[in-house]
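**Q** Okay, predicted coordinates and the sequence, questions at the end:
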Amino acid sequence: MSASTSDTTAGDRRVIQIGPFHPLLEEPVGFQLTVEGERVVDVDARMDYIHKGIERLAQERTYDMVPILLERICGICSVTHSVCFCNAAEDLLQLEVPPRANHIRTIIGELERIHSHLLWVGLAGHFIGYNTVFMWAWKYREPVCDVFEMLTGHRQNSALPMVGGVRRDIPEAYFDEALRVMDRVDEQVKMLTAAVLDDPVLAARLKGIGVLTAQEVVDWGVVGPTARASGVDTDVRRDDPYASYAELDWKVITTENGDVFDKAVVRLLELTESISIVRQCLQNMPKGEINQGQQHIPRGEGVGRYEAPRGEDIHYLRSNGTNMPERLKVRAPSYTNIASFKASCIGESISDVTITLAACDPCYSCTERTAVVKGVDGVETHTFQDLVRLSQHTTRALAREMGRRPDLDLG
Amino acid sequence: MESADLGKRLECEFADRIEWTARSAKRLYVSLAPDMLYPVFDWLREHVPGFRLGTSTGIDLREGVGVFHHFPINGKAQVVTLKVIAPKPDPRVPSLAAKIPAAAWIEREMAEMLGIEFEGHPDPRPLLKAEDFPDTYPLRRGFNVPEFKESIGERLDF
């Protein structure tokens, strides 16, 4: 990928390429940061590396096949897109889903949120140089994926959701073990949360950077924990309830400052809520039907919404009465959250950019190959690791100044 | 504010200048002439707190190319869909990106997938298509996938 910005030659401006590949994350994306000295003055993103044409493919699949296809949109949010599509079809049909199916959808959705948030906590820890957090968070995540596999048969792609319910039941014989794992993860998450909240280096490092104001959140259409950290009280699970959320006891977490620290706090506190939701569903699982058989979808249109780990997922479905969608529009939460980098990154120092980019938990991958373009006469190549190292260095310097260990004190 | 209320308020404000295509408790679908997009959008943005652009759907219809803007409302169950249909072969609609940055990417995507021109878009570069992608629109009805593969044949054989 070549740097295409004309700014490469203007004054002392440099263009830093981040992307398109990095083994830490699952998808390619390219960012071009224009910097003046250490300040970021512009950011642009290229999203076109793995356009899969899923919307077009969905027009060539039957309604029963589409949820399976949509599980493949994202490596983490597999439940998200298939349930969101079902919400859209059920909105079109004005169809009620059996209570047991709703509970099953809630359980797999929240297990997905727990493992997704833990994955993010680990990555965020790595970006600022807290590698203990990285190791521990990913260690805690593993049993959650195991529970997902026990209940559905697969760590990620359950293939459970279908229009009008779920395809298969989940085995009650494993509920006790699942509840034991939830208890253990709950303790671990509380310990991790307390350690993060109490750590003075983290507070000094992450407070006040990458700030999104509430107005910017609305203007850029930012959703999910990224919006809730800026005091925008939005959560599809409460606002437009689907599955069993309306009958469960849980709360929406919001904070006020909109910086990276608050985004981390929102996610950590949401973990506790999600664990509680899974517990409530497992303990009060209703008996009965899990689906209503194949549905004929008549002409019409429907909008489905779903609160994914990263925010509101939205699907628009239009049917012409055949057995395949006439049009399916899919908008994942990162689509709007990544676009808001223009608001959150500009004005930041480049050592804060990796964590600011990571703070909305984007489904994107950074890169091994970062080029610092110096005017027209010389290209100096750095790796993305240099940016991560720069970010980690800032944390270590802060820790030294404050007389702290350069890692999270989990003792 | 419940859906019926917002629907009624829109009716009072715009009367016969807008057309309802469907209404349910949680979803409002409104058809607009292209020149009514800005007035209705401005009114909603001013009078409905938490009104934001969720996304937009581009769709190739018999009567033209449709651009459906979906607006969820923070803290509410409602989604308002504003539908604008532009006649083929050269569909042109006013750009929402000129008013709200959230529309910037999705309009770039619709432009390259369906060949819609968004008038007044501040940054109309392509977003998703490869640089050497032929000058066709994959989400238009005439787009034939086997023919397309054949036309670029050699480049796919690796």
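**A** Nice, thanks for sending it over. Residues are numbered from 1 along each chain as shown, chains lettered A, B, ... in the order given.

**Q** what about the closest residue to residue A:225 other than its chain neighbours, which helix or strand?
**A** Residue nearest to residue A:225 in three dimensions, not counting chain neighbours: residue A:266, with 4.5 Å by CB to CB, 6 or more residues apart in numbering or on different chains. All C-beta spots, glycine's among them, are computed from the backbone N, C-alpha and C. Using DSSP states H and E, residue A:266 sits within helix A:260-283.

**Q** for residue B:109, same thing?
**A** Take DSSP H and E as the rule and residue B:109 turns out to sit in helix B:103-114.

**Q** Is there proximity between that helix and chain A?
**A** Yes. Judged by CB under 8 Å from any CB of the partner chain, helix B:103-114 comes into contact with chain A through B:104, B:105, B:106.

**Q** what's around the second one, how many residues?
**A** The reference is to residue B:105. Here the neighbour count serves as a burial measure; for residue B:105 (other CB atoms under 10 Å in any protein chain shown) it reads 24.

**Q** Contact partners for the nearest residue to it once chain neighbours are set aside?
**A** Of all residues beyond its chain neighbours, the one nearest residue B:105 is residue A:339 (5.2 Å), with distances taken as CB to CB, 6+ apart. The neighbourhood of residue A:339, defined by CB atoms under 8 Å, 6 or more residues apart in numbering or on different chains, consists of A:45, A:220, A:221, B:101, B:102, B:104, B:105.

**Q** Just the buried subset of those residues, please.
**A** A:45, A:220, A:221, B:101, B:102, B:104, B:105 (16 or more other CB atoms under 10 Å in any protein chain shown).

**Q** Wasn't the first one part of a helix?
**A** No. Read with DSSP: H, G, I helix; E, B strand; the rest coil, residue A:45 is strand and lies in no helix.

**Q** Kindly list the single helix or strand of the chain that scores lowest on mean pLDDT.
**A** Assuming you mean chain A. Of all the helices and strands that make up chain A, the one with the lowest confidence by mean pLDDT, DSSP states H and E is strand A:370-374; it has a mean of 41.

**Q** Tell me the backbone dihedrals of residue B:152, please.
**A** phi -110, psi 10 (degrees, to the nearest 10).

**Q** So the nearest residue to it once chain neighbours are set aside, which state does it fall into?
**A** Using CB to CB, 6+ apart and skipping residues adjacent in sequence, the residue nearest residue B:152 is residue B:134, 6.6 Å away. Applying three-state DSSP to residue B:134 yields a three-state assignment of coil.

**Q** Contact partners for the residue in the stretch 51-200 of chain A that chain B sits nearest to?
**A** Nearest residue of the stretch 51-200 of chain A to chain B, counting by CB to the nearest CB: residue A:51, 4.7 Å away. By CB under 8 Å, 6+ apart, the residues touching residue A:51 are B:128, B:129.

**Q** what's the helix or strand for it?
**A** No secondary structure element spans residue A:51, as it lies outside all helices and strands (assigned by DSSP H and E).

**Q** Can you check the pLDDT for it?
**A** The predicted local confidence for residue A:51 comes out at a pLDDT of 80.

**Q** That one and residue A:221, how far apart?
**A** As defined by CB to CB, to the nearest Å, residue A:51 lies at a distance of 21 Å from residue A:221.

**Q** what's the answer for residue A:331, then?
**A** On the measure of CB to CB, residue A:331 and residue A:221 end up 9 Å apart.

**Q** what touches both of the two?
**A** For the pair residue A:331 and residue A:221, residues contacting each of them under the criterion CB under 8 Å, 6+ apart are residue B:54.

**Q** who does residue A:33 bridge with?
**A** Beta-bridge partners for residue A:33, by DSSP bridges, are residue A:16, residue A:43.

**Q** Show me what from the stretch 151-300 of chain A comes close to chain B.
**A** Taking CB under 8 Å from any CB as the criterion, the neighbours of chain B within the stretch 151-300 of chain A are A:218, A:219, A:220, A:221, A:227, A:232, A:233, A:234, A:239, A:240, A:241, A:300.

**Q** picking up where we left off before, name the surrounding residues that touch the following helix or strand past the helix holding residue A:266.
**A** Using DSSP H and E, the helix or strand that follows helix A:260-283 towards the C-terminus is strand A:300-308. For strand A:300-308, the external contacting residues (CB under 8 Å, 6+ apart) are A:77, A:80-81, A:83-93, A:109, A:224, A:235-237, A:240, A:242, A:312-319, A:332-333, B:22, B:27, B:29, B:70, B:72, B:79, B:81.

**Q** so who does residue 80 touch?
**A** Here I'm looking at chain A. By CB under 8 Å, 6+ apart, the residues touching residue A:80 are A:74, A:109, A:112, A:306, A:308, A:309, A:313, A:332.

**Q** Sorry, I should have been clearer: chain B.
**A** Residue B:80 makes contact with B:6, B:28, B:30, B:44, B:51, B:70, B:71, B:73 under the criterion CB under 8 Å, 6+ apart.

**Q** at 6 Å what do you get?
**A** Taking CB atoms under 6 Å, 6 or more residues apart in numbering or on different chains as the definition of contact, the neighbours of residue B:80 are B:28, B:71.

**Q** and the residue nearest the centre of chain B, how far is that from chain A?
**A** Geometric centre of chain B, nearest residue: residue B:67, 3.0 Å, by CA atoms, centre = their mean. For residue B:67, the distance to chain A equals 11 Å [CB to the nearest CB, to the nearest Å].

**Q** Likewise for residue B:29?
**A** Relative to chain A, residue B:29 is positioned 7 Å away (criterion: CB to the nearest CB).

**Q** What pLDDT does the model give that residue?
**A** At residue B:29 the predicted local confidence, pLDDT, stands at 93.

**Q** Give me the phi and psi angles of it.
**A** Its backbone dihedrals place residue B:29 at phi -120, psi 120, with angles given as degrees, to the nearest 10.

**Q** With residue A:298 instead?
**A** phi -80, psi 180.
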